[in-house]
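A.B. asks: how would this look folded up:
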Amino acid sequence: MSGTSAVLSTLPLPPADRAAYWHALVSGTFVPLDVTLHAPTPPAGTITSRRLGPLQVSEVEAGPQTVSRSPRRIAQGGAEFLTVTLQQRGTARLTQDGRQALVRPGGFTCSDAGRPYEREQPEDFRFTTFRIPKECLGVREGELRAVTGTLFHGGSGTAALIAAFLGRLAGQAADLDPATGHQLGLTAADLLAILVRERRGELVPQAPEAARGMLARVKEYVLHHLDDPSLTPARIAAAHHVSVRYLHLLFRAEGTSVGRWMLAERLARCRRELSRPPGNARAVSAVAQRWGFVNPSHFSRSFRAAYGMSPREWQAEARLPEGRARSAHG
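C.D. replies: Numbering: from 1, shown residues only. Sure thing, here's the model as predicted:
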């Protein structure tokens with residue numbers, strides 16, 4: 001449903017009829033919940049939802065209320081979901097697993113639909129929720145208790161990265177094609193898994209296992225655009241809705257950098273093209289330009305540093321029978 005919005009609202013109803021219908025909308029959109037409206041005359045409430053792969057993104061705007069997830073409601077279904085709520089207007093108080101978080105605009109919370117919780121909105125509010133199956137996170141059920149009933153500030157660290165990513169994702173969800181939306185939904189799951197492991201003290205910065213899926217998607221994107229000389233870390237990061245700093249951390253986990261990895265991949269493709277038989281050979285300069293090198297001197301220096309000879313020397317050796325055999329297996 002990427003790019004398609006489902007808009008549900010109580011606006012057409014008279015105020016006296018809004019409470020029951022709003023309860024049905026909330027429970028039908030998210031998970032079965034008890035809903036108590038606090039205003040004597042309930043203002044209109046609106047829910048706008050989109051799906052990005054496994055991720056459901058919903059913007060909710062309504063008046064003062066409290067929603068709760070009781071054991072009775074849990075038994076009615078939905079226990080498989082984790083919901084991240086990014087507060088945009090008004091304050092909220094989330095209680096779960098013996099903890100209570102007071103949330104203001106810019107902060108976010110996580111609630112596990114498999115256990116009881118309560119969220120109180122004492123004033124008019126707007127927030128965006130991101131509901132995802134817990135199995136997509138790749139963490140154990142008990143590990144989620146590290147993030148429930150806890151306030152995450154959007155000011156710094158991993159929480160800031162996640163808040164920025166989710167905020168931008170929600171803002172652009174309507175314009176995403178289904179394949180891109182699915183990919184970015186999985187990226188959101190990767191980031192949330194990192195948050196869980198970080199809160200449990202299990203995330204090893206040198207080997208962020210939960211980020212491997214994101215790294216694979218970044219590499220796929222880079223390889224698809226490898227011939228573009230304007231490809232930069234900033235552009236790569238923007239295409240995946242992450243910061244340049246986080247992009248560098250992903251590659252650092254493999255002992256390299258974005259730039260070194262891109263250079264190695266470009267050089268490998270140049271080497272293969274320069275190994276072609278004479279009838280199919282291209283000029284060295286044409287091969288370099290084909291794979292994003294705009295400076296011939298830089299290309300020559302980089303090639304020699306990687307393979308111990310100049311591009312022309314490599315091409316000449318590859319045309320010899322023994323050189324060709326060596327290059328084919330090298």
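
A.B. asks: got the domain boundaries for the protein?
C.D. replies: The record's domain split for the chain, according to automatic domain parsing, is 6-203, 205-253, 261-329.

A.B. asks: as a markdown table, those domains with mean pLDDT and mean neighbour count would be great.
C.D. replies: Where you see a C-beta, it was placed from the backbone N, CA and C, and this is true even at glycine. Formatted as a markdown table, these follow (pLDDT from 0 to 100; neighbours: other C-beta atoms under 10 Å):
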| stretch | mean pLDDT | mean neighbour count |
| --- | --- | --- |
| domain 6-203 | 92 | 18 |
| domain 205-253 | 79 | 16 |
| domain 261-329 | 83 | 16 |
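
A.B. asks: quick one: residue 314 and residue 273 touch, right?
C.D. replies: No. Using C-beta atoms under 8 Å, residue 314 is not in contact with residue 273; the gap is 10.5 Å.

A.B. asks: what about residue 6, distance to residue 217?
C.D. replies: Distance, residue 6 to residue 217, using C-beta to C-beta, to the nearest Å: 27 Å.

A.B. asks: correction: the previous question concerned residue 46.
C.D. replies: 33 Å.

A.B. asks: same question, residue 196
C.D. replies: Counting by C-beta to C-beta, the gap from residue 196 to residue 217 is 20 Å.

A.B. asks: then residue 245?
C.D. replies: For residue 245 relative to residue 217 (C-beta to C-beta), the value is 18 Å.

A.B. asks: so residue 111 touches residue 129, yeah?
C.D. replies: No. Applying C-beta under 8 Å, one finds residue 111 not in contact with residue 129, separated by 9.2 Å.

A.B. asks: what do those two both touch?
C.D. replies: Common neighbours of residue 111 and residue 129, using C-beta atoms under 8 Å, 6 or more residues apart in numbering, are 83, 85.

A.B. asks: in this protein, which spans are strands?
C.D. replies: Applying DSSP state E to the chain gives strands spanning 6-9, 34-37, 46-52, 55-62, 65-69, 81-89, 92-96, 99-103, 108-112, 117-121, 125-133.

A.B. asks: redo these as TSV? Include distance to residue 266.
C.D. replies: Shown next, in TSV, are the strands of the chain (distance: least, C-beta to C-beta, whole Å):
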stretch	distance to residue 266
strand 6-9	44
strand 34-37	56
strand 46-52	32
strand 55-62	34
strand 65-69	52
strand 81-89	38
strand 92-96	48
strand 99-103	46
strand 108-112	39
strand 117-121	50
strand 125-133	36
